[in-house]
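Q: take a look and give me a structure for this.
(one chain, ligands or ions: 3)
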Amino acid sequence: MGYAEVSVNSPIAQRRTFSYAIPSGLNIDVGQAVWVPFGDKLLQGIVLELSCYPSVEETREIAGVIEPRPLLSPLQVLLARWLSEHYLSPLFNTVALMLPPGFERKAVTFISIPSIPDDFDLSSLTPEQRHTLELVQRQGKVSLRELENTLGKKKTQAIVSQLVVRGLAVRSYELGRVRVKPKKVAYLCLVVTAGEARQEAARLREQGKAIKQASLLEFLSQVSQPIPLSEARRGTNCSTSTVKAVVSRGLVELQQIEVKREPISYEGITLSESLALTDAQKSAFQSVQSSLHQVAEGQVSPTIFLLHGVTGSGKTEIYLQALAEVVKLGKRGIVLVPEIALTPQAIERFASRFPHRVAVLHSKLSLGEQFDEWQRIRNGEFDVVVGSRSAIFAPQPDLGLIVIDEEHEWTYKQHDKSPRYHTRDVAIKLADLTGAVVILGSATPDVETFYHAQRGDYRLLQLPERVTPSEGSSLPPVKVVDLRDELKAGNRSLFSRSLSQATAKAVANREQVILFLNRRGAATFIQCRTCGLVLRCKRCEVALTHHFVEDALVCHQCNYRMPVPQICPQCSSRQIKFLGIGTQKLEREAGYTFPQAKLLRWDSDVTRGRHSHQEILSKFRAHEADILIGTQMIAKGLDLPLVTLVGVVSADTSLNLPDFRAGERTFQLLSQVAGRAGRGILGGRVIIQTYSPEHYAIQAAAKHDYASFYDKEIAYRRQLHNPPFTRLVCLTYSHTNDVLCQREAERMKHLLIEERDSKGIAGLSLIGPAPAFIHRLRGRFRWQLVLRGAEPAVFLSQIPIPQGWTVDIDPVSLI
Ligand code: ADP
Ligand code: ZN
Ligand code: ZN
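A: Ligands and ions are numbered 1, 2, ... in the order given. Modelled structure (predicted):
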């Protein structure tokens, strides 16, 4: 008899598998989805390993298979195990990342009667048993639920059990139905004949009224089949009320017709050819190309490339040509982009190079779309899968290339639920398992990624210039405005004199302006408006956060506290203030300051729906507004040719976040925002307002100088023992009672210290506990504890973590 190690979908299962016996006659493979008994329940599980011996003495049997074909490839099984160990995450959570969307469902039990032995004495059954047997036999297969509906739950279970015990009936299990709604589209079709429609149209035209109705009727009389409503409206430029009118007059019918889902609409997409590469692109591409070939020939293990190129330097063209190369070699690729960058324009670039060979996966697709797409990917229907974070787990066969565009983006880290994985690390592990080449692309690489490239762990490829000279071969000029000077000059508005003049001028010239504000941390740091001093923790260097309740300043990393000073400790000014503004306030002030301009706001409050990003963007592109006001969403890959001015209203909000990555974050944001300007022929400029004009992150962003930013930043990281020189684990405890919460965090700290000291582990420090930056979330208080050292996760993996704690390995943010 064989045995299977199964990852079971139960919270109790944690990081381990369970041993089950494989009943004879059942074909079981690694990666297969099965039903297993677990306690008194029947649960879903995935087989991760087969063996001749069970890992425990007593095993139960696998109850049945969910799908004959394995859902995870053997490599994905390895990846799931790695994820669980690396991120200290329950095993089924990591397995689930790779299952088809909508997989996690309850079992539906079916009863069937295989065959009744000839010599079986039916009269030995009770009348009810016999009745049930006949009923099932007639129908072939009946769901347990159906029987329960007629016989009642208790009785059904008893009868079925008896029939099963006597070998007359068998149970089988299937997944409950996925509730996937078919997609329907409204079509118009004539109810009358084409001739009649034309006559009616002619009559309306003669009378000189309802001309729109007439042209709709004429339009429909020319097509032989029902036509999509949207197409008819576009073709005749008519409104909904025109359509309603002809429908209500009984001339035309509106039908809902089911259509196949295809997330990419190929309508209007034409095939695009590879561009002739610039010299810089060529040399970068050749490195990738030769690595791909060497891997294919089995000569070397695959390379990780860091493609560092300013916005518009032609990185995407390199991805496209590398993908084409991979396809030539008989393999396939996955391209990851930040969710927000998954615009139709971005997808179109891939779709037009690989028509009908591109799959799209992201969280805004309906479950049905995701499900269809997953199945088709697994069947090998696509050369390229484009998607956000979770697309790294797509069942793409023959993987040869993984591209992560904007690799520095924090959205690549899943921070809100387990496993708290980083897509980049997963991609690198997956590449290691599959032999795929990786390209990490960015204009502002993550400091840690760049560090690896410097050390030679990754290969650095650089594209220092924009491709098209007409778009300005140099990047836009950036002016840094010192807000302290504004105050001295008596200007208390949100807009410096430079910014308000430049904005007014651009609007008067019928050009467009973007006003950018990073709203995260929209409140809480304290700054002297005379000298610009921000109060910081003496130990951690992060900005102190104001707590209203206690009226104290708190370090959110180590819990250092101090009273709010009345005068500035540096210059003795009394102008020491809480700073913080939101986009709404900014919109209001912009309304007063630029009364002649039309404003449009873009932040997460106004973009909840599926299409609203696109809607806001197309409105702005159509010049329906002069000034776009928004948060970091604005900073993402948009091409807006009429924008000639980008104003950063306050660079300080991100600079003063209580996190050691605040400088890096600010540099990335400012660089991206600055990359928005000057992409059209009109050119453009950037104005950054700040109280800390001398800060290296702001200085470097203003000069578009990644290297000087990196040098300073990496030196600070080394000095303060922060990653990449150490690794972090962030432990967060949450509870409705703040005092209990703090006490538990203290208890945990002491436990960890004891454990560390008893094992004699050197160089592992504990920081905190401190209240989390978002101290109270959905009614629960949160305290956190940071472990810092060479391998804090390995240390932690041997310690049972009580309920209520979340563990974030290699967090991207401590707030
Ligand atoms: P990035 O991805 O680095 O932001 P893109 O690949 O989007 O840069 O390139 C910017 C623009 O330059 C795009 O419009 C692209 O079509 C164009 N482009 C890229 N490479 C070339 C090339 N070799 N020749 C001509 N145009 C190019
Ligand atoms: Zn001061
Ligand atoms: Zn501190």
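Q: those residues of the chain touching ligand 2, which are they?
A: Within reach of ligand 2 by C-beta under 5 Å from the ion, the chain has these residues: C528, T530, C531, L533, C568, Q570, C571, S573. Yep, even glycine has a C-beta here, placed from its N, CA and C like the rest.
Q: host element of the third one?
A: In the assignment (DSSP states H and E), C531 maps to no helix and no strand.
Q: of the residues of the chain next to ligand 2, which is the nearest to ligand 1?
A: L533 (37.8 Å; C-beta to the nearest ligand atom).
Q: rewinding a little: any of the residues of the chain next to ligand 2 buried? List them.
A: C528, T530, C531, L533, C568 (16 or more other C-beta atoms under 10 Å).
Q: from these, pick the one nearest Y412.
A: L533 (34.5 Å; C-beta to C-beta).
Q: which strand or helix spans V467?
A: Using DSSP H and E, V467 sits in no helix or strand.
Q: quick one, what contacts whichever residue of the stretch 101-250 of the chain sits closest to ligand 2?
A: Proximity to ligand 2, evaluated over the stretch 101-250 of the chain using C-beta to the ion, is greatest for P101 at 54.8 Å. Residues near P101 by C-beta atoms under 8 Å, 6 or more residues apart in numbering: L367, Q370, F371, W374.
Q: A394 is in contact with the last one, correct?
A: Yes - here W374 reaches A394: they are 7.1 Å apart, a contact under C-beta atoms under 8 Å.
Q: find residues that contact each of those two.
A: The contact sets of W374 and A394 overlap at L361 (C-beta under 8 Å, 6+ apart).
Q: so which elements touch the longest helix belonging to the chain?
A: For the chain, the helix with the greatest residue count under DSSP state H is helix 738-759. With contacts taken as 3 or more C-beta pairs under 8 Å, 6 or more residues apart in numbering; DSSP states H and E, helix 738-759 sits against strand 727-735, strand 765-777, strand 780-789, helix 792-797.
Q: ok, and what's touching it?
A: 731, 733-735, 764, 766, 768-769, 771, 781-785, 787, 795, 799, 802, 804-805.
Q: CA atoms only for that helix - export them in CSV, please.
A: The C-alpha coordinates for helix 738-759 follow below in CSV (Å, rounded to 0.1, in the frame of the first residue of the first chain):
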residue,chain,number,x,y,z
ASP,A,738,-4.3,48.2,24.6
VAL,A,739,-2.8,47.4,28.0
LEU,A,740,-3.1,43.6,27.4
CYS,A,741,-1.7,44.1,24.0
GLN,A,742,1.4,45.9,25.3
ARG,A,743,1.8,43.3,28.1
GLU,A,744,1.8,40.4,25.7
ALA,A,745,4.3,42.2,23.5
GLU,A,746,6.6,42.6,26.5
ARG,A,747,6.1,39.0,27.5
MET,A,748,7.0,37.9,24.0
LYS,A,749,10.1,40.1,24.0
HIS,A,750,11.4,38.5,27.2
LEU,A,751,10.6,35.0,25.9
LEU,A,752,12.6,35.7,22.8
ILE,A,753,15.5,37.2,24.7
GLU,A,754,15.7,34.2,27.0
GLU,A,755,15.6,31.8,24.0
ARG,A,756,18.3,33.8,22.2
ASP,A,757,20.6,33.9,25.3
SER,A,758,20.1,30.3,26.2
LYS,A,759,21.1,29.3,22.7
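Q: what pLDDT is listed against the nearest residue to Q575 once chain neighbours are set aside?
A: For Q575, the nearest residue in space outside its immediate sequence neighbours is R529; the separation is 4.2 Å by C-beta to C-beta, 6 or more residues apart in numbering. pLDDT for R529: 79.
Q: how about R529, phi and psi?
A: phi -80, psi -10 (degrees, to the nearest 10).
Q: so it makes contact with C571?
A: No - R529 is beyond contact range of C571, at 10.4 Å (criterion: C-beta under 8 Å).
Q: for V643, see how far away the residue nearest to Q575 is.
A: From R529 over to V643 the distance is 30 Å, taken as C-beta to C-beta, to the nearest Å.
Q: the more surrounded of those two?
A: V643 (24 against 20; other C-beta atoms under 10 Å).
Q: give me phi/psi at the more buried one?
A: Torsion angles, degrees, to the nearest 10, at V643: phi -80, psi 120.
Q: show me what it bridges to in the sheet.
A: Q512 (DSSP bridges).
Q: isn't it right up against V507?
A: No - using C-beta under 8 Å as the test, V643 is too far from V507 to be in contact (11.8 Å).
Q: what sits in contact with each of the two?
A: V513.
Q: shaky segments in the stretch 551-700 of the chain?
A: For the stretch 551-700 of the chain, residues meeting the criterion pLDDT under 70 lie at 578-584, 603-612, 632-639, 676-683.
Q: helices of that one, residue ranges please.
A: 583-593, 612-621, 652-655, 662-676, 696-702 (DSSP state H, counting those that start in this stretch).
Q: how about the helices of the stretch 1-150 of the chain, start to end?
A: Using DSSP H, counting those that start in this stretch, helices in the stretch 1-150 of the chain cover 74-86, 91-96, 127-139, 144-151.
Q: if you compare those, which one is most tucked away?
A: The highest mean neighbour count among these, using mean count of other C-beta atoms under 10 Å, belongs to helix 91-96: a mean of 24.
Q: who's in contact with T278?
A: G314, V467.
Q: can you tell me how far the residue nearest to L147 when sequence neighbours are not counted is from E148?
A: Once flanking residues are discounted, L147 sits nearest to T156: 4.6 Å by C-beta to C-beta, 6+ apart. According to C-beta to C-beta, T156 and E148 sit 5 Å apart.
Q: my read is that R459 contacts L306, right?
A: Yes - shown here, R459 and L306 form a contact pair, counting by C-beta under 8 Å, at 7.0 Å.
Q: and the residue in the stretch 601-750 of the chain that ligand 3 sits nearest to, how many residues sit next to it?
A: As assessed by C-beta to the ion, ligand 3 sits closest to P658 within the stretch 601-750 of the chain, at 8.4 Å. A count of neighbours around P658, defined by other C-beta under 10 Å, yields 25.
Q: can you check the one 4 residues further on too?
A: Residue crowding around A662 was assessed by other C-beta under 10 Å; the count is 24.
Q: would you confirm that it contacts E541?
A: No - applying C-beta under 8 Å, one finds A662 not in contact with E541, separated by 9.3 Å.
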